[in-house]
Each structure stands twice: as C-alpha cells, then as structure tokens.
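K.L.:
Generate a structure from the sequence data that follows.
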Amino acid sequence: MLGIMETDRLLLRRWQESDAEALYKYAKDPEIGPAAGWPPHTSVEDSLNVIRKVFSSPETYAVVLKETGEPVGSIGLLFGKDSHVAGILPNEVEIGYWIGKPYWGRGLIPEAVRRLLHRCFTDLDIKTVWGAYYDGNTKSRRVMDKCGFRFHHTAESKTSPLGDVRTELFMRIMKEEWEENQV
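P.N.:
Presented below is the predicted three-dimensional model:
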C-alpha cells in the first residue's frame, strides 16, 4: 500500500474516517451507486461504515481534488475472490472507480485510472488489469476506452449486489499493451 499518488489535478490517498461527510455528499446520489451495482448511501454513518469496511481494503483510494483537498470519488483494485472476473489469476486485478456527479465529464477518473495502471504495471507486478461495467453504464465504458482497455467478453444474467439481473461487460488491458501506449 502506497501513501499518496499524485496526478496533475488529483491526489489518490487512503480513505480516512474524517472523509465520511464528503463521501456521503456524493455517494447518496441515486445516479452514482446503482449504475455500479451498489445502493446510494443513506447517512454519514453509512458512509463511515463503508470507509471502515470496504474502503479500508488494500489499494483503495479516495480521489481528492488538489485544488480543494476534498475527496470527490473513489478508485481501487479488487484482487482474487473479491473481483467480479471469473477465473482471475494471481497476477491480475480488477479496477473499480466512481466520481461525484458534479465532476462528470472533466477527465478526472481517466486521470486517476492512468495513475493506478502505472502503479499496477510498474510497482505491483500485475500482468492484466480488468474492468467491468453493467450494460448501459456508458460513462464507465468511456473511461476504459480512454485508458486503453479493450473489450474481452460479456456475461449475461449476472445478479448485481442490488439483487437485480444485469448484463456485465468485461474489458482488460495487459501490461504489454499499456507499455506500447507509454511511448
């Protein structure tokens, strides 16, 4: 686990309990969580529990605006059984991310994804990074497209964490592909 990663406009750092109000401010929006398969947060206490139980995972980061110091989203890696990718190998991970609605369309999440890909391929000895999104979540797909991911496969009739049945699409980027794009 790294301390803080930096991009032009962002800091990626560990979530802190003091971030609960900022997390709630964005994660309560019904357009955020359900698109990714999780329920909107219902209170600051709910957000605090997510920080303690979910965002405490290794390689999970608050997406913080340098300009304001406010966490406005989250990005992280899912390893092994925590991943949605069936048959994921030990040297593979799944990336997940979201950002508050006021920051959509500004290129912030692609900036964060590129930084985390750099960490995966240069520090963590990862060979493949997977991304998954539910059919209809075009914003998530666009992030992956911008970051060099390529479509891999579709899984029909997947039950989301919300209990509904959806189609999930999987994309990936391999280390060699990433390295080609770094020139």
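K.L.:
Only C-alpha atoms from now on, for both contacts and neighbour counts.
P.N.:
Fine.
K.L.:
Can I get the worst-scoring helix or strand of the chain on mean pLDDT in CSV, CA atoms only?
P.N.:
The helix or strand of the chain with the poorest confidence is helix 33-36; it has a mean of 88 (mean pLDDT, DSSP states H and E). Backbone C-alpha positions of helix 33-36 (Å, rounded to 0.1, in the frame of the first residue of the first chain) are rendered in CSV as follows:
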residue,chain,number,x,y,z
GLY,A,33,-24.1,3.8,-6.9
PRO,A,34,-26.9,1.9,-8.7
ALA,A,35,-25.1,2.2,-12.0
ALA,A,36,-22.2,0.4,-10.5
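K.L.:
elements contacting it?
P.N.:
Based on contacts counted as 3 or more CA pairs under 8 Å, 6 or more residues apart in numbering; DSSP states H and E, the elements that helix 33-36 packs against are strand 128-134.
K.L.:
Now do the strand it packs on: which elements does it pack against?
P.N.:
In this structure, strand 128-134 packs against helix 33-36, strand 92-99, helix 138-146, strand 165-174, with contacts taken as 3+ CA pairs under 8 Å, 6+ apart.
K.L.:
Mind checking the ones you listed for the one nearest to residue 5?
P.N.:
Evaluated with CA to CA, the helices and strands packed on strand 128-134 place strand 92-99 nearest to residue 5, the distance being 15.4 Å.
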